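*Asks:* Fold the following, please.
(one chain, ligands or ions: 1)
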Amino acid sequence: MIGACGIVEAAPAAMGDFVTVNKTHFARNGQAYYIVGANFWYGGYLGAAGGVGERARLLKELDNMKAIGINNLRVLAVSEKTDMKSAVRPATTNAPGKYDEELLTGLDFLMAEVAKRDMTVVLYLNNFWQWSGGMTQYLNWFEGTPALDPNVTKDYDTYMQKTAGFYRNAAAQAEYRNVIAKIVKRVNTITGKPYAEDTHIMSWQLANEPRPGNGNATPEEKAVYVKWIDDVAGYIHSLDRNHLVSSGSEGLAGSAQDAQLYLDAHRTKNIDYLTYHLWPKNWSWFDSNNPTGSWDNAITKSRDYLNSHIELAKKLGKPIVLEEFGLDRDGPSFSIKSTTHIRDRFYREVFEIVATRAQKGDPIAGFNFWAWGGAGRAANADYWWKPGNDFVGDPPQEEQGLYSVFDSDVTSLVLIKEYADKLHAIKR
Ligand SMILES: O=C1NC[C@H](CO)[C@@H](O)[C@@H]1O
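*Replies:* You can find the predicted model right below:
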């Protein structure tokens, strides 16, 4: 069918129900719903009508993801204009109260196309990291503190400790809630449907990887964090009684390694399901320059991380989604010409634990790998992103090719499809 923008579009799929929580599982359309997902942070950017928009690419990416069984996308809904070097440009928020409607229409287009493919989307409304401006940019606006890019300062500990000041800043929280209301109460300009009534939104998510501070977060910082999650999640539910709300937490790695904090932060009835992320290289469990020597350590710790968080989900009686995980390409290399044998081995280990425990009825509700690169390609010899370059799965704060799964990574795509079939076959 030829759509309004003159591009062949998928035929409308049947309208589904909202994703709901049934004890420790998701349900949709009267049956168990398992997440076979991709991180696709830039999906709304590709949907824009002009500027950075690439609607023909977006349709192809969605069709290619659908073809390997992907049913869920995790997408950045809001970004903040910032001077920080390794942040995406443009941003949906140019300044407090000043929003880029063309870019926000990109999210409308994405949601319209997702609905045609009966996929669902998790939309995150902020970012603890600098690659979309995020909480640090709010503090620059409302505290006047410089937005210091940790890729430049190389001081992530100070970055994390200062960024957590966002939770305590009343003016920043007020603007954050203004933005939340703008998105949650938005009416899709393509379909005319209010977002709050869109059954293809699975969940609103407070932020990407919100942390209480750095690894030495104080009891006071932890208490502020727990209250912030409860308050904001409750605020979102007050605007929208239909959709789930999640935090975007990484699990213990994003909770100062404090399991009690992770439980306390997610016990509230306002958080409907748990999230966690798995990053063996980022967390120095895996050394990609010594893969053989570090594999056993990495996979042992990864297996423990995967399984222990499912036990925490059992304690809270809520589903849990592994909504980020990744490993770099053989070499290591950023080039799409490099192989992905080690990453495929890691993915298979992750998928096997998720699928096996899901089949057993444990509260693991699926995964989103990080991240879909699809047809995007790195543009520069140094693999860093510059405005005007393709978007790929790696945001601008990392080399373009670090963790992306590209459309040429056939062994990875086949592996994802193999486990998509297993998860989609689970009937409960
Ligand atoms: O949310 C995230 N988690 C890990 C990704 C890869 O390092 C990173 O790109 C992103 O900020």
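*Asks:* Quickly find the element holding the spatially most central residue of the chain.
*Replies:* Closest to where the C-alpha atoms of the chain average out (C-alpha atoms, centre = their mean) is residue 74, at 4.3 Å. Assigned by DSSP states H and E, residue 74 falls within strand 72-76.
*Asks:* Can you pull up the residues of the stretch 1-150 of the chain that come close to the ligand?
*Replies:* Within the stretch 1-150 of the chain, the residues that sit near the ligand (C-beta under 6 Å from any ligand atom) are 129, 131. C-beta: built from backbone N, CA, C; applies to glycine.
*Asks:* Show me the strands in the stretch 1-150 of the chain, by range?
*Replies:* Using DSSP state E, counting those that start in this stretch, the strands of the stretch 1-150 of the chain run over residues 20-22, 25-28, 31-32, 35-39, 72-76, 93-95, 98-99, 120-124.
*Asks:* export those to JSON lines and tack on distance to residue 393 and mean pLDDT?
*Replies:* Putting the strands of the stretch 1-150 of the chain into JSON lines (distance: least, C-beta to C-beta, whole Å; pLDDT from 0 to 100) gives the following:
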{"stretch": "strand 20-22", "distance to residue 393": "28", "mean pLDDT": "97"}
{"stretch": "strand 25-28", "distance to residue 393": "24", "mean pLDDT": "97"}
{"stretch": "strand 31-32", "distance to residue 393": "28", "mean pLDDT": "95"}
{"stretch": "strand 35-39", "distance to residue 393": "7", "mean pLDDT": "98"}
{"stretch": "strand 72-76", "distance to residue 393": "11", "mean pLDDT": "99"}
{"stretch": "strand 93-95", "distance to residue 393": "23", "mean pLDDT": "98"}
{"stretch": "strand 98-99", "distance to residue 393": "26", "mean pLDDT": "98"}
{"stretch": "strand 120-124", "distance to residue 393": "15", "mean pLDDT": "99"}
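*Asks:* Across the sheet, point out what pairs with the residue nearest to the centre of the chain.
*Replies:* Note on residue 74: beta-bridge partners residue 39, residue 122, judged by DSSP bridges.
*Asks:* Buried by neighbour count: which residues of the helix or strand encompassing residue 229 qualify?
*Replies:* Assessed by DSSP H and E, residue 229 sits inside helix 219-239. Buried residues in helix 219-239, defined by neighbour count with 16 or more other C-beta atoms under 10 Å: 221-222, 224-226, 228-230, 232-233, 235-237, 239.
*Asks:* What of stretch 116-136?
*Replies:* For stretch 116-136, a neighbour-count test (16+ other C-beta under 10 Å) marks 116-136 as buried.
*Asks:* Could you do stretch 137-151 as well?
*Replies:* By neighbour count on 16+ other C-beta under 10 Å, the buried set for stretch 137-151 is 137, 138, 139, 140, 141, 142, 147, 148, 149, 150, 151.
*Asks:* re earlier: ok, which of the strands of the stretch 1-150 of the chain comes nearest residue 301?
*Replies:* Checking these against residue 301 by C-beta to C-beta gives strand 35-39 as the closest, at 21.6 Å.
*Asks:* Mind listing residues that contact that closest one?
*Replies:* With contact meaning C-beta atoms under 8 Å, 6 or more residues apart in numbering, strand 35-39 is reached by 26, 65, 69-74, 122, 202, 321, 323-324, 365-372, 393, 405, 416, 419-420, 423-424.
*Asks:* Could you count how many residues lie near residue 384?
*Replies:* Look at residue 384: counted by other C-beta atoms under 10 Å, it has 19 neighbours.
*Asks:* next one: residue 337
*Replies:* Residue 337 has 9 neighbouring residues, counting by other C-beta under 10 Å.
*Asks:* re earlier: run the angle between the strand holding residue 74 and strand 35-39 for me.
*Replies:* Between strand 72-76 and strand 35-39, the angle comes out at 30 degrees (axes from the mean of the first three to the mean of the last three C-alpha atoms, to 10 degrees).
*Asks:* residues making contact with strand 72-76?
*Replies:* Strand 72-76 has contacts (C-beta under 8 Å, 6+ apart) with 35-44, 65, 107, 110, 114, 119-124, 127, 132, 202, 205, 208, 323-324, 366, 368, 372.
*Asks:* Would you mind checking these for buried ones?
*Replies:* Here, 16+ other C-beta under 10 Å leaves 35-44, 65, 107, 110, 114, 119-124, 127, 132, 202, 205, 208, 323-324, 366, 368, 372 buried among the contacts of strand 72-76.
*Asks:* and the residue of the stretch 51-200 of the chain nearest the ligand?
*Replies:* Closest approach between the stretch 51-200 of the chain and the ligand, counting by C-beta to the nearest ligand atom: residue 129, at 4.5 Å.
*Asks:* quick one: stretch 329-345 to chain centroid distance?
*Replies:* Computed by C-alpha atoms, centre = their mean, to the nearest Å, the chain-centroid distance of stretch 329-345 equals 22 Å.
*Asks:* re the thing from before, generate TSV for the strands of the stretch 1-150 of the chain, with distance to residue 244 as supplementary columns.
*Replies:* Output for the strands of the stretch 1-150 of the chain, formatted as TSV (distance: least, C-beta to C-beta, whole Å):
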stretch	distance to residue 244
strand 20-22	7
strand 25-28	8
strand 31-32	15
strand 35-39	12
strand 72-76	12
strand 93-95	24
strand 98-99	25
strand 120-124	9
